[in-house]
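Undergrad: Okay, predicted coordinates and the sequence, questions at the end:
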Amino acid sequence: MIRKKVMIAFGTRPEAIKLAPVILGMQKDRGRFEPYVLATGQHDEMLSQVLHLFEIKPDRNLEIMTAGQTLFDITTRALKGIESVLKESRADIVLVQGDTTTAFAAALAAYYEQIPVAHVEAGLRTHNKYNPFPEEINRRLVTVLADLHFAPTVFSSRQLHKEGIPDKDIFVTGNTIIDALLMSVRKDYVFKDNRLNTLDYQTKRVIVLTMHRRESFGEPMRNILSAVRKIAEVYSQDVEVVFPVHFNPEVRETVRRSLGGQKYENIHLIDPLDYQAFVQMMDRAFIILTDSGGIQEEAPTLGKPVLVLRETTERPEGIDAGVSKLVGTDPDKIYNEVRRLMEDPSAYERMATAVSPYGDGRAAERILNILSTVDIHGTRKSKAD
Ligand code: UD1
Ligand code: UDP
């Protein structure tokens, strides 16, 4: 059997989490694969947290991140950096994940070198080019550049069919985030930050909050925070809000201005948690408020209701399953939805259902089987299940 040289390219926290099961699988399967791990370093500390946890050492890290980087910075620095590495690695195929600017730049670089591209988590769409921004267009551009499309769900595969992607190039695999999640859940976990061990998980309800999307910068984020202040005040005896604040300076500044001046005993502003710690925090949560893509995929497996702080989502499966609700950024709407879940046990029970529309934890295994049997130029030899 010919070993495939696969370059796995990523740059941010969620890409690393979702590619970790694929990389670890290839590293254990040297008979079929010769993996080359390329980090662009679009994120630094938030990426290192993941790499450290999964014990992944990139073959190269381009370390492109600068404080307050623009989309132009990321695109040009990643594209130029990948050029030299692609030549050196002599990859047969380049694997990218999701919708970040790193994913787009790596797919474009591979195309310029006429190297086939495989896209993990293909086919998600909002059909709104500015929401999420720039992720909707990044993901569509990767579709155009890719030769193999790993759709996480049947729903996302249908989107690719509609766009004219040939049937033989689309594979429904599940989302690798469920693989990563199941590798990371620990019931007996002790947080490194002792403040998180001493929260009253028995009698208080923990609300986990995250937000970072570019289209929410400014007023939408201020609105979200004003809802969170009201929740913390009204439920001062019942609720603890745990808010790992993304390192994006735009997010940090908005949080500092909106919450920093006043001390809320029950709003805990902390740095981003490493993935394993964050998974345990989600597992202990009553509900999750987030604009994250990945968290929308993880929460259904944990049976945690999610209020999605966005106007659109490319992940309707969680909403259809009844676990997530798209609430947008209007403060009254957010407050009212939280209040309903706080005060109406049957409404809560309807959402707190453990279902897994995004996968069964075997997505990486399927991706490896497909990659090992596929003709490198994009024509399948045999169908992997
Ligand atoms: C990026 C992705 C977004 C993804 C998100 C996951 C793009 C355009 N955006 O958004 O799709 O959902 O990652 O979190 O690809 N920073 C640090 N340390 C870190 C990471 C970030 O200091 O470890 C700061 C830097 O000042 C950096 C800024 O955050 O310039 C923004 O990072 P960037 O990758 O441009 O945007 P994100 O909002 O993280
Ligand atoms: N996450 C984490 N630590 C945190 C917050 C989130 O490890 O403090 C994980 C989360 O479980 C999910 C991923 O990061 O797997 C989501 O990343 P993010 O929200 O930054 O990006 P998105 O998914 O929106 O692209």
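TA: Here it is on my side, so go on. Residues are numbered from 1 along each chain as shown. Ligands and ions are numbered 1, 2, ... in the order given.

Undergrad: From the chain's centre, how far out is stretch 209-225? Work that out for me.
TA: A distance of 17 Å separates the centroid of the chain from that of stretch 209-225, by CA atoms, centre = their mean, to the nearest Å.

Undergrad: okay, how far is it across stretch 31-42, tip to tip?
TA: The straight-line separation of the ends of stretch 31-42 (CA to CA, to the nearest Å) is 31 Å.

Undergrad: Contacts only, for whatever residue of the stretch 101-250 of the chain ends up closest to ligand 2.
TA: Residue of the stretch 101-250 of the chain nearest ligand 2, by CB to the nearest ligand atom: P244 (3.4 Å). Just so you know, the C-beta spots here come from the backbone N, C-alpha and C atoms, and that holds for glycine as well. Contacts for P244 were tallied using CB atoms under 8 Å, 6 or more residues apart in numbering; they are T210, I270, D271, P272, L273, F278.

Undergrad: Turn the buried ones among those residues into a named ChimeraX selection, would you?
TA: Those of the contacts of P244 that count as buried under 16 or more other CB atoms under 10 Å are selected in ChimeraX with:
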select :210,272,273,278
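
Undergrad: Show the subsequent helix or strand relative to the longest helix seen in the chain.
TA: Counting by DSSP state H, the longest helix found in the chain is helix 71-89. Counting by DSSP states H and E, the element after helix 71-89 in chain order, helix or strand, is strand 93-97.

Undergrad: what comes up buried for the helix or strand that comes right after that following strand?
TA: Scanning forward in sequence from strand 93-97 by DSSP H and E, the next helix or strand is helix 101-112. For helix 101-112, burial by neighbour count (16+ other CB under 10 Å) applies to T101, T102, A103, F104, A105, A106, A107, L108, A109, A110, Y111.

Undergrad: Tell me the bridge partners for the residue of the stretch 101-250 of the chain closest to ligand 2.
TA: Listed beta-bridge partners, P244: I270 (assigned using DSSP bridges).

Undergrad: quick one: low-confidence ranges for the stretch 151-300 of the chain?
TA: 261 (pLDDT under 70).

Undergrad: at 80 what do you get?
TA: Scanning the stretch 151-300 of the chain for pLDDT under 80 picks out 260-263.

Undergrad: what does it have sitting close to ligand 1?
TA: Applying CB under 6 Å from any ligand atom, we find that the stretch 151-300 of the chain lies next to ligand 1 at H212, F247, N248, P249.

Undergrad: again, 8 Å this time
TA: Residues of the stretch 151-300 of the chain lying close to ligand 1 (CB under 8 Å from any ligand atom) are 212-214, 246-251, 272, 292-294.

Undergrad: okay if I get these as CSV plus distance to R195 and secondary structure?
TA: As requested, these are exported to CSV (distance: CB to CB, whole Å; DSSP: H, G, I helix; E, B strand; the rest coil):
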residue, distance to R195, secondary structure
H212, 22, coil
R213, 27, coil
R214, 30, helix
H246, 19, coil
F247, 19, coil
N248, 23, coil
P249, 24, helix
E250, 26, helix
V251, 21, helix
P272, 15, coil
S292, 22, coil
G293, 28, helix
G294, 24, helix
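
Undergrad: which residues does the residue nearest in space to the middle of the chain contact?
TA: Closest residue to the average C-alpha location of the chain: G294 at 3.2 Å, with CA atoms, centre = their mean. By CB under 8 Å, 6+ apart, the residues touching G294 are P14, I17, K18, I177.

Undergrad: So what's the residue count around N336?
TA: Neighbour count of N336, defined by other CB atoms under 10 Å: 12.

Undergrad: quick revisit: the longest helix of the chain and ligand 1, any residue contact?
TA: Yes. With CB under 8 Å from any ligand atom as the criterion, ligand 1 is reached by helix 71-89 at L71, D73, I74.

Undergrad: buried residues in that helix?
TA: Using 16+ other CB under 10 Å as the test for burial, helix 71-89 gives I74, T75, R77, A78, L79, G81, I82, V85, L86, S89.

Undergrad: could you give the angle of that helix to helix 101-112?
TA: For helix 71-89 against helix 101-112, the angle by axes from the mean of the first three to the mean of the last three CA atoms, to 10 degrees is 50 degrees.

Undergrad: any idea of the angle helix 71-89 forms with strand 93-97?
TA: Using the same axes, to 10 degrees: helix 71-89 against strand 93-97 is 150 degrees.
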